[in-house]
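[1] pasting the sequence and the predicted coordinates here, then a few questions.
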Amino acid sequence: MKKKLKLIKKHALYRYLKSKNINYLDYISKKLLPDEAYINETDSTLYIYEKKFQKVNGSVDEKLQTAPFKILQYTKLANALNLKNVEFTYILSNFFKSSKYKDTFDYLNTFKNCHYYFEDEINAI
């Protein structure tokens, strides 16, 4: 069966919700702006992709730890769209391969719907 995907970026998610007569404020109190999101009506899943490219230490370090909260918030929006699943994926620069992120990745691995890939693992088409 061919999948039917809708690509939505940043603020377009909220325009899409509005087109479905859904006020995001009825579900979450603040907008989240996904780098990319795909709505797959075939498997009833909202796929969220966040890209984090870092070359030096900074605030993005702690942002990786916010994935569970974001999954919770996106799940509320997915439910409003009658979608059953949310899959959250980070696309990360190789900077994050450092051993100092081991605890962060161990934590993210405890969530079945949270994934991450490093830039050298992504094959461009």
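    Everything's here; your move.

[2] pull the longest helix from this structure.
    If you go by DSSP state H, the chain has its longest helix at helix 67-80.

[3] the residue nearest to the spatial centre of the chain bridge partners, please.
    Central residue of the chain (Cα atoms, centre = their mean): residue 48, 2.9 Å from the mean position. Beta-bridge pairing for residue 48 (DSSP bridges): residue 37, residue 88.

[4] if we can go back for a sec, CA atoms of the longest helix of the chain as CSV?
    What follows is helix 67-80, C-alpha atoms only, in CSV (Å, rounded to 0.1, in the frame of the first residue of the first chain):
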residue,chain,number,x,y,z
ALA,A,67,12.5,15.2,23.5
PRO,A,68,10.1,13.4,25.9
PHE,A,69,8.3,16.7,26.6
LYS,A,70,8.1,17.5,22.9
ILE,A,71,6.7,14.0,22.3
LEU,A,72,4.0,14.6,24.9
GLN,A,73,3.1,17.9,23.3
TYR,A,74,3.1,16.6,19.7
THR,A,75,1.0,13.6,20.9
LYS,A,76,-1.7,16.1,22.0
LEU,A,77,-1.7,17.7,18.6
ALA,A,78,-1.6,14.3,16.8
ASN,A,79,-4.7,13.1,18.9
ALA,A,80,-6.5,16.3,17.8
